[in-house]
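Participant: Predicted model follows, preceded by the sequence.
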Amino acid sequence: MSRIGKAPITVPSGVEVKTSGASVTVKGPKGTLTRDLVGGISVRQEENTLLVERPNDERQSRSLHGLSRALVNNMVVGVTDGFTKELEIVGVGYRAELKGPSALRLNLGFSHPVDVNAPEGVTFEVPVQTRIIIKGIDKEAVGQVAANIRSIRKPEPYKGKGVRYLNERILRKAGKAGKK
């Protein structure tokens with residue numbers, strides 16, 4: 001039995017969960033999320049807890065059991081608290097500026113600034129020119145936007161310049177040894 005899959009999900013007050021077949025809808029103070037579960041996985045609600053159940057003990061069902069429970073739990077956490085990812089910009093002249101709540105302009109050493117638009121439900125904050133905070137209720141969307149911004153200018157191993165996650169450790173290389 002999946003240790004993650006059999007753990008119950010507690011539903012906080014103010015959160016409403018509706019299940020219809022393979023579809024789960026979670027509505028809370030920050031918004032509404034809907035997801036279709038695959039592989040015959042079902043969600044059953046008992047008072048203020050959710051139980052994720054699999055149809056049988058086949059390999060495919062076992063592999064989807066814990067995943068489905070984690071996805072539903074992320075939906076419940078997202079509509080109550082939300083998710084954030086922080087990015088840090090390192091480099092001389094590298095900076096970010098806000099162009100509205102869902103648009104970002106990055107100067108990352110290219111000959112032109114790079115504009116990034118957030119998908120629906122994701123917002124940006126730039127407290128300092130070298131820090132970007134990505135917020136949203138969908139954990140998957142927040143992580144994907146952060147990965148897309150990081151991929152514009154990944155941190156390079158010699159000087160460490162680029163866009164990195166906050167507190168990400170970059171393995172540095174020594175570079176040239178020089179002439180003897």
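Facilitator: Yep, that arrived. Since this is a predicted model, take the numbers as computed values, not measurements.
Participant: which stretches of the protein form helices?
Facilitator: Taking DSSP state H as the criterion, the chain carries its helices at 59-80, 139-152.
Participant: Mind telling me which residue is nearest the centre of the protein?
Facilitator: For the chain, G143 is the residue whose C-alpha lies nearest the centre (C-alpha atoms, centre = their mean; 2.8 Å).
Participant: Okay, domains of the protein per the record?
Facilitator: Under the assignment named as automatic domain parsing, the residue ranges that make up the domains of the chain are 9-80, 83-165.
Participant: and of the ones you listed, who's closest to G175?
Facilitator: Comparison of the domains of the chain against G175 by C-beta to C-beta identifies domain 83-165 as nearest, at 5.5 Å. No exception for glycine: its C-beta is placed from N, CA and C like everyone else's.
Participant: next one: that closest one to chain centre, how far?
Facilitator: Taking the mean C-alpha point of domain 83-165 and that of its whole chain, the gap between them comes to 13 Å (C-alpha atoms, centre = their mean, to the nearest Å).
Participant: thinking again about what came up before, who wins for proximity to R3 among the domains of the chain?
Facilitator: Comparing the domains of the chain against R3 with C-beta to C-beta, the closest turns out to be domain 9-80 (7.5 Å).
Participant: where does this structure dip in pLDDT?
Facilitator: Low-confidence segments of the chain, defined by pLDDT under 70, are located at 1-2, 178-180.
Participant: would you list every one of the strands in it?
Facilitator: Taking DSSP state E as the criterion, the chain carries its strands at 9-10, 16-20, 23-28, 31-36, 42-46, 49-53, 83-90, 95-98, 103-107, 114-117, 122-128, 131-136, 162-165.
Participant: okay, those in JSON lines with distance to G66 next?
Facilitator: As requested, the strands of the chain are arranged in JSON lines below (distance: least, C-beta to C-beta, whole Å):
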{"stretch": "strand 9-10", "distance to G66": "12"}
{"stretch": "strand 16-20", "distance to G66": "18"}
{"stretch": "strand 23-28", "distance to G66": "16"}
{"stretch": "strand 31-36", "distance to G66": "15"}
{"stretch": "strand 42-46", "distance to G66": "14"}
{"stretch": "strand 49-53", "distance to G66": "9"}
{"stretch": "strand 83-90", "distance to G66": "20"}
{"stretch": "strand 95-98", "distance to G66": "37"}
{"stretch": "strand 103-107", "distance to G66": "35"}
{"stretch": "strand 114-117", "distance to G66": "33"}
{"stretch": "strand 122-128", "distance to G66": "26"}
{"stretch": "strand 131-136", "distance to G66": "24"}
{"stretch": "strand 162-165", "distance to G66": "25"}
